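S.K.: predicted model, plus sequence, below.
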Amino acid sequence: MSDVFFIPIVLIAIISFVVIFEITNRLKLKKQIKHDWGKFPTNQRKDSEKSLRAAGFLKKESEFIVDDLTWSDLNMFDVFQRINLTYSSIGSESLYESLRSYSLETNATHHEKMEELITFFNENPSEREAVSYQFARLGKKDFNYAKAYLNQQVLTPFSHRFLFVFLGLLPILGFISAIFLGSIGILIGISALCFNTIFYLIKKGQLETELATMSYLVQGISLSVTLSKRNLPIKKELTESTHSLKSLLKFASSFRVKTGSETELMFEMITASFLLPFISYGSVSQKLKKYSTEAQEVWHLLGNLEVAIAILNLRTIYESNWCLPTASSNGVTAANVIHPLLSEPVPNSVNWEHSTLVTGSNASGKSTYVRSVAINGLLAQTIHTCLATSFSLKPGYVLSSMGVEDNVIEGDSYFIAELKSLKRLVEQVKKENFCYCFIDEILKGTNTIERISASSSMIRWLAKQNQLAFVATHDIELPQILAKECENIHFEETVSEAEGISFDYQVKEGVATSRNAIKLIETMGFPDEIIQDSFEEATYFDKNGAWCSKK
């Protein structure tokens, strides 16, 4: 009798363990979502930039893609990571795309819809947590290619679909035929199961990307059906887009998210023996091809939900030090602008309606200031959020030439690499697009005379094209040469023997007048002979406009 009850007891125990384990994981997930709110994201184990770039987003004619040099100059991937409170690859890929592309024509409509979502989640925190939980259950999968597949950018069409259907049915036909053929039918069924399993394991390696992509796609569509039942601002759009795709969910069991457990492995082997993953893949492919537009819209709507939550989290973190950007007829006017990557940023104002030169010594804050304006110019036009108390700008393309390096692989010297970087700006301006051009230490890779003459000519040309340039420079000659074309702002420092060097990192009107480089050398303990000689050389140049030659 004890043997009779043993097996049921074991089965009940296993089922109970699985149920308890699942409930525990769900509770932990909900707790994690609560814990993450109002903080910068810390778990960056997934969402590699290589994967995000491979996800694939198509450039429309009305969109501008933030190019790689500008993206790198401004450390925008680090900015992305500080905003990226998403729990699925759908959300992180959508946020990445949002930060890398924007439209000067249709931004207002997009921002209006996004603000509606943000307002909803801000007023309904329980709904925000519930939506984040559903996305977290889907999870992240690098290189899932789902969006690229929907855009028909990757993956070849699935072939031999009917062959897979026939092979999948063969074991069933074999066992049915056993009614008439006896052991021969059973042998056919068993042989077909063995063949299909081996065939699946071989073919799975060839179709691994396709199967993984389809798995994430189907799970994403299943998520859209779940979320369409919630009272969200996009409920109507989500319901309409998922209506034609609901029939795909009957194949969802073939595309379960793999956990690596023994139960999952057993389930995979059972489905493999009937080639269900391949058959399901073929059927889903046909369906998605027919309803490609609806599927793309579903992905877009899902992405917007997580992007809205991520933006709201960013605003929550910065409390009163963020604002919605407003439209300007020319340039940028802002108050208390800060850099998003600094732990203790110093707020500064911006009044940029003409090309501007920013002077000051190293480490005084001029490059950080230029970057903070550029980054907020991008954030204003992409996620409609600025880290400032007010920020007004004229829509325009943001381009930079700030972090130039020589290219050993292509054989480019620093100066050649710098020229190529600047040529990008020139070519974009020649297309008659309004551009914000951010340049740090323009043409520093060449000699002083040619640097000054070429730099001043280039900045003057940009001004004549009605473009705005923001140029950080050490060259005190440029403010003199470009006095009519450019405005001047500067950063300064104080140096003393007692306290060394100190900065207030506050932008000031006019050209930097401090000449503290030699004093800095002195405070670092260099030999007196070097210090004295430096002062004499500088004094001579100030009086005569030329360098003295000592024998």
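M.R.: Received the coordinates, thanks. Residues are numbered from 1 along each chain as shown.

S.K.: show me the helices in the stretch 1-150 of the chain, by range?
M.R.: For the stretch 1-150 of the chain, the helices defined by DSSP state H, counting those that start in this stretch cover 2-36, 49-54, 68-73, 76-83, 89-100, 107-123, 125-138, 146-150.

S.K.: average pLDDT across the longest one?
M.R.: Averaged over helix 2-36, pLDDT sits at 73.

S.K.: just the third one next, same as before
M.R.: Average pLDDT, helix 68-73: 92.

S.K.: which strands and helices sit next to that helix?
M.R.: Packing contacts for helix 68-73, counted by 3 or more CB pairs under 8 Å, 6 or more residues apart in numbering; DSSP states H and E, involve helix 366-382, strand 397-401. In short, each C-beta sits where N, CA and C put it, glycine included.

S.K.: these: lowest mean pLDDT?
M.R.: strand 397-401 (a mean of 92).

S.K.: given that one, what are its sheet partners and their directions?
M.R.: Strand pairing for strand 397-401, using DSSP bridges, gives strand 435-440 (parallel).

S.K.: may I have the partner strand as PDB, with CA atoms only?
M.R.: The C-alpha trace of strand 435-440 is given here as PDB (Å, rounded to 0.1, in the frame of the first residue of the first chain):
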ATOM      1  CA  CYS A 435      23.300  72.400 -37.000                       C
ATOM      2  CA  TYR A 436      24.700  72.900 -33.600                       C
ATOM      3  CA  CYS A 437      28.400  72.300 -34.000                       C
ATOM      4  CA  PHE A 438      30.400  71.500 -30.900                       C
ATOM      5  CA  ILE A 439      34.200  71.600 -31.200                       C
ATOM      6  CA  ASP A 440      36.900  71.100 -28.600                       C
END
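
S.K.: contacting residues around that strand?
M.R.: Surrounding strand 435-440, the residues in contact under the criterion CB atoms under 8 Å, 6 or more residues apart in numbering are 73, 332, 367, 370-371, 373-374, 377, 396-403, 422, 425, 428-429, 462, 467-472.

S.K.: give the bridge partners for residue 391, please.
M.R.: Beta-bridge partners, per DSSP bridges, of residue 391: residue 334.

S.K.: local confidence estimate at it?
M.R.: Value for residue 391, per-residue pLDDT: 97.

S.K.: sorry, back to before: could you identify which of the helices and strands packed on helix 68-73 is most buried?
M.R.: Most buried of the helices and strands packed on helix 68-73 by mean neighbour count (mean count of other CB atoms under 10 Å) is strand 397-401; its value is a mean of 26.

S.K.: all the helices of the stretch 151-300 of the chain, residue numbers only.
M.R.: 161-181, 183-206, 208-228, 235-243, 262-273, 276-290, 292-318.

S.K.: go through those and find the least confident stretch.
M.R.: Among the helices of the stretch 151-300 of the chain, helix 262-273 scores lowest, at a mean of 68.

S.K.: distance from the chain centre to stretch 478-491, please.
M.R.: Taking CA atoms, centre = their mean, to the nearest Å, one finds stretch 478-491 lying 36 Å from the centre of the chain it belongs to.

S.K.: average pLDDT across it?
M.R.: pLDDT averaged over stretch 478-491 gives 90.

S.K.: rewinding a little: now the helices of the stretch 1-150 of the chain in TSV, with mean neighbour count?
M.R.: Listed next are the helices of the stretch 1-150 of the chain as TSV, based on neighbours: other CB atoms under 10 Å:
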stretch	mean neighbour count
helix 2-36	11
helix 49-54	15
helix 68-73	18
helix 76-83	18
helix 89-100	26
helix 107-123	16
helix 125-138	18
helix 146-150	23
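
S.K.: to residue 325, which of those helices lies closest?
M.R.: With respect to residue 325, and counting by CB to CB, the nearest of those is helix 107-123 at 9.0 Å.

S.K.: remind me what the closest one packs against, helices and strands.
M.R.: helix 125-138, helix 292-318.

S.K.: tell me what angle the shortest one forms with helix 208-228.
M.R.: It refers to helix 125-138. Here helix 125-138 points in a direction 160 degrees away from that of helix 208-228 (axes from the mean of the first three to the mean of the last three CA atoms, to 10 degrees).

S.K.: what is helix 125-138 packed up against?
M.R.: helix 2-36, helix 89-100, helix 107-123, helix 208-228, helix 292-318.

S.K.: any idea how the protein splits into domains?
M.R.: 2-152+302-318, 161-299, 326-511, 515-551 (automatic domain parsing).

S.K.: distance to residue 387 added to the helices and strands packed on helix 107-123, as JSON lines?
M.R.: Below are those laid out as JSON lines (distance: least, CB to CB, whole Å):
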{"stretch": "helix 125-138", "distance to residue 387": "22"}
{"stretch": "helix 292-318", "distance to residue 387": "6"}
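
S.K.: for residue 482, find the nearest of those.
M.R.: Across the helices and strands packed on helix 107-123, closest to residue 482 is helix 292-318 (CB to CB), at 35.7 Å.

S.K.: surely residue 519 meets residue 494?
M.R.: No - between residue 519 and residue 494 there is no contact, the gap being 9.7 Å when judged by CB atoms under 8 Å.

S.K.: who's more crowded, these two?
M.R.: Just comparing residue 519 and residue 494: by other CB atoms under 10 Å the higher neighbour count belongs to residue 519, 20 against 13.
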